[in-house]
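Peer 1: Requesting a structural model of the entry that follows:
(one chain, ligands or ions: 1)
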Amino acid sequence: MEFKSELLDSSHDRTEFSCGKEALDHYIRHQVNQDVKRKLAVCFVVADKDGISNKVIGYFTLSNGGIPRDSVPETYQKKFPLSYPSIPTTLIGRLARDQRAVGKRMGEFLLIDALYKCFNSSKTVASFAVIVDPIDDDARSFYAKYGFLSLPDSQRMFLSMKKVNELFK
Ligand SMILES: CC(C)(COP(=O)(O)OP(=O)(O)OC[C@H]1O[C@@H](n2cnc3c(N)ncnc32)[C@H](O)[C@@H]1OP(=O)(O)O)[C@@H](O)C(=O)NCCC(=O)NCCS
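Peer 2: All right, here's what the predicted structure looks like:
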């Protein structure tokens, strides 16, 4: 199925979004606007274009970020000059698809679309890796399927921008 992402705006109906994870439902219904207004995140959505409803059926958020140098696996750390105590990264803060879109490969669409946006952004503002914050073990295994690795001593996972680049060569 073909999907298209667009920036969240006031025309989108977020009231019925339900992915099965309360925290992610609550975020898109009630919190995301504050984060967008405060420039903490941008939010892309996939909207159900049937008729005039414009209901959000998938979303993800992106932010610039940084992780402490010593939180990166040692193999990478060795390559980083000491002048970079914080390593630039791009965060997919949240990502979810509505239960109405089960079986349509929307999760994959959302992740690849988010990675493509991270990749494009890294061409103008450098980023060593894409970071995700999996909400639970299901989410961890979803990200692991796409090559994300655990960051040592953290619940977070990362995919190096080098690997992301290879996806879009
Ligand atoms: C995780 C989530 C985005 C996956 O979306 P989805 O639409 O079910 O995934 P897709 O149908 O696009 O699946 C793409 C591939 O990932 C696999 N996959 C889906 N969920 C998976 C999981 N939890 N663990 C491992 N693989 C998973 C599918 O089997 C499929 O694999 P295939 O290429 O071998 O057929 C969705 O379940 C969701 O929104 N969950 C609630 C929110 C959430 O947990 N978000 C994660 C970030 S915190």
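
Peer 1: and stretch 144-155, how far apart are its ends?
Peer 2: The first residue of stretch 144-155 is 13 Å away from its last residue (C-alpha to C-alpha, to the nearest Å).

Peer 1: now stretch 123-132
Peer 2: The first residue of stretch 123-132 is 20 Å away from its last residue (C-alpha to C-alpha).

Peer 1: Would you point out which residue of the chain is nearest the ligand?
Peer 2: Per C-beta to the nearest ligand atom, residue 107 is where the chain lies closest to the ligand, at 2.0 Å. Glycine gets a C-beta too; all of them are placed from N, C-alpha and C.

Peer 1: Contact partners for that residue?
Peer 2: Applying C-beta atoms under 8 Å, 6 or more residues apart in numbering to residue 107 gives the contacts 95, 97, 142.

Peer 1: and the ligand, which of those residues contact it?
Peer 2: Applying C-beta under 6 Å from any ligand atom, the subset of those adjacent to the ligand comprises 95, 97, 142.

Peer 1: Let's see which of the contacts of residue 107 end up in helices.
Peer 2: residue 142 (DSSP state H).

Peer 1: of all the contacts of residue 107, which comes closest to residue 20?
Peer 2: Closest approach between those and residue 20, by C-beta to C-beta: residue 97, at 9.7 Å.
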